[in-house]
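Enquirer: Dropping a prediction and its sequence here:
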Amino acid sequence: MNWNRNTVYGTLIGFILVVGFYPYLPQIRQAFETTPAPIALMQDQAASSSPHPPSSANSSVLPAPTLQAGFSPEGSAEALVLSVINNAQSSLRIMAYSFTAPNITTALINAKARGVDVRMVVDEKGNRALYSMRALTALKEAGILIRTDSDFAIQHDKVIIADEETVETGSFNYTQSAERRNSENALVISHSPQLAKNYLTHWQNRWNRGKLLMRILHQ
C-alpha cells in the first residue's frame, strides 16, 4: 500500500490484517528482511505455534497455513506467481493493475487449457498500451474471461486467488518491468480458505463493477 492521500481516499489496494497470523510474525519478518529467495513457513512450525490446538485426538485438523515470500528483480517473485498458477486445479481469480508479463500470460493460457476456470479483472486505464493489449488479447483468445474496472482512480490490486484456498498478493505487478527492473515483493498464503474467501468477496465486487473486455488487438 502506498501511504499517500490519493491512495487512502481514491485507490484500491489489497491489505492483510489477519489476527490468526500473529503467531507467524517472526517467520514473516524473516521472509521479508533476511533472504531474497522464496522461503516457506513449514506446516509443523505453524501448528506448534497455533494458540488454539485441536481439543481432542478425534478433531478434524485442516492443514496449517503456509507462507512464502519472493522478490524481484531477484526472480523469486515471478517464480512464486508462476507456481501458484501452475499448481491451480480448479479456479484462478486474478486482479491486476497493469498486465504485460509473457511468462504469466503463458501460464494462465496453459491453466485454462487443462480445465482451470480463469477469470481476471484489470484496471481499464492501466491496460491501454500496446504490450498490455497484446497480452490481454492472447488471454481472451484462449477463452479467459476478462473485465476492466474504471470505477476507481486506479484499481491497484495485484492478487491471485487459487482454488479458493491460496492467495498471492504484494507489490508485484504482472509486468515485465516488475520482474526485471523494479524492486517488488510477492507473498503467498496457502491452505487458508477463510482468507481466500475474504479476497474472493473483494474480487467479486470488482468483477461485478467491471465491463467485459471487448477490444481485440488484431495482429
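Expert: Perfect, I can see it now. Numbering: from 1, shown residues only.
Enquirer: then stretch 184-204 to CSV, C-alphas only?
Expert: Presented in CSV, the C-alpha positions along stretch 184-204 are these (Å, rounded to 0.1, in the frame of the first residue of the first chain):
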residue,chain,number,x,y,z
GLU,A,184,9.0,-5.7,-5.7
ASN,A,185,7.7,-8.3,-3.3
ALA,A,186,5.1,-11.2,-3.5
LEU,A,187,3.5,-13.1,-0.6
VAL,A,188,1.7,-16.4,-1.0
ILE,A,189,-0.6,-17.7,1.8
SER,A,190,-1.6,-21.3,1.2
HIS,A,191,-4.2,-23.5,2.9
SER,A,192,-6.1,-20.5,4.2
PRO,A,193,-9.7,-20.8,2.9
GLN,A,194,-11.1,-18.1,5.2
LEU,A,195,-8.5,-15.5,3.9
ALA,A,196,-9.2,-16.7,0.3
LYS,A,197,-12.9,-16.2,1.0
ASN,A,198,-12.3,-12.6,2.0
TYR,A,199,-10.3,-11.9,-1.1
LEU,A,200,-12.9,-13.6,-3.3
THR,A,201,-15.6,-11.3,-1.9
HIS,A,202,-13.4,-8.3,-2.8
TRP,A,203,-12.7,-9.8,-6.2
GLN,A,204,-16.4,-10.5,-6.9
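Enquirer: by contact count, what packs against the top helix by length along the chain?
Expert: Selection of the longest helix in the chain by residue count, based on DSSP state H, yields helix 193-209. Counting contacts by 3 or more Cβ pairs under 8 Å, 6 or more residues apart in numbering; DSSP states H and E, helix 193-209 is packed against strand 91-96, strand 117-123, strand 145-149, strand 159-162, strand 166-170. Bear in mind the C-beta positions are built from the backbone N, C-alpha and C, glycine included.
Enquirer: Make sure E168 is actually in contact with L187.
Expert: Yes - E168 sits in contact with L187 when judged by Cβ atoms under 8 Å, with a separation of 7.2 Å.
Enquirer: Would you mind telling me which of the two has the busier surroundings?
Expert: The residue with more neighbours, out of E168 and L187 and counting by other Cβ atoms under 10 Å, is E168; that gives 26 against 20.
Enquirer: could you measure the more buried one against L130, distance?
Expert: As for E168, its distance to L130 is 26 Å (criterion: Cβ to Cβ, to the nearest Å).
Enquirer: Do a quick rundown of the strands in the chain.
Expert: All strands of the chain, identified by DSSP state E, fall at 11-12, 39-40, 66-72, 91-96, 117-123, 145-149, 154-155, 159-162, 166-170, 184-190, 211-212.
Enquirer: Where in this structure is the helix or strand with the lowest mean pLDDT?
Expert: With mean pLDDT, DSSP states H and E as the measure, the helix or strand of the chain carrying the lowest mean pLDDT is strand 11-12 (a mean of 42).
Enquirer: average model confidence for stretch 171-191?
Expert: Per-residue pLDDT values across stretch 171-191 average out to 94.
Enquirer: Quick check: buried residues in it?
Expert: Buried residues in stretch 171-191, counted by 16 or more other Cβ atoms under 10 Å: 171-176, 178-179, 184-190.
Enquirer: One more: stretch 139-147?
Expert: For stretch 139-147, a neighbour-count test (16+ other Cβ under 10 Å) marks L139, K140, A142, I144, I146, R147 as buried.
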